[in-house]
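Novice: fold the following and give me the result.
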Amino acid sequence: MTAPLDSLAERVDGYLLRLGVDGDVTPDGFWSLRFGSTVVLVSTFEDDGRTYVRIASIVLIGAQTT
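Specialist: Take a look at the predicted model:
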């Protein structure tokens, strides 16, 4: 990782800690967060000298448990 990405990763860790969220970092560098049956992935990346945070989750509409 570059220095800006390391700094951003520390900020993400700090935000998660303040929110009381226990996020496991995967070997690929993603934070994997669980909220009930929902999984949220958080990642950081750099593009053209700027750093970004990507938050992704699969959302189901109309799903029924059986």
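Novice: CA atoms only for the longest strand seen in the chain, dumped as PDB, please.
Specialist: Assignment by DSSP state E gives strand 38-47 as the longest strand of the chain. C-alpha atoms of strand 38-47 as PDB (Å, rounded to 0.1, in the frame of the first residue of the first chain):
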ATOM      1  CA  THR A  38     -26.200  -9.000   5.700                       C
ATOM      2  CA  VAL A  39     -22.600  -8.800   4.700                       C
ATOM      3  CA  VAL A  40     -21.000  -5.400   3.900                       C
ATOM      4  CA  LEU A  41     -17.600  -5.200   2.200                       C
ATOM      5  CA  VAL A  42     -15.500  -2.000   2.600                       C
ATOM      6  CA  SER A  43     -12.300  -1.500   0.600                       C
ATOM      7  CA  THR A  44      -9.900   1.400  -0.200                       C
ATOM      8  CA  PHE A  45      -8.200   2.100  -3.500                       C
ATOM      9  CA  GLU A  46      -6.300   4.800  -5.200                       C
ATOM     10  CA  ASP A  47      -7.000   6.100  -8.700                       C
END
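Novice: pairing partners for it, with directions?
Specialist: Taking DSSP bridges as the criterion, strand 38-47 sits next to strand 31-35 (antiparallel), strand 50-57 (antiparallel) in its sheet.
Novice: partners of the worst-scoring helix or strand of the chain on mean pLDDT in the sheet?
Specialist: Lowest by mean pLDDT, DSSP states H and E among the helices and strands of the chain is strand 24-25, with a mean of 80. Sheet pairing for strand 24-25, assigned by DSSP bridges, gives strand 31-35 (antiparallel).
Novice: enumerate the positions of the strand it pairs with that are buried.
Specialist: Trp31, Leu33 (16 or more other Cβ atoms under 10 Å). In this view, the C-beta of every residue, glycine as well, is placed from N, C-alpha and C.
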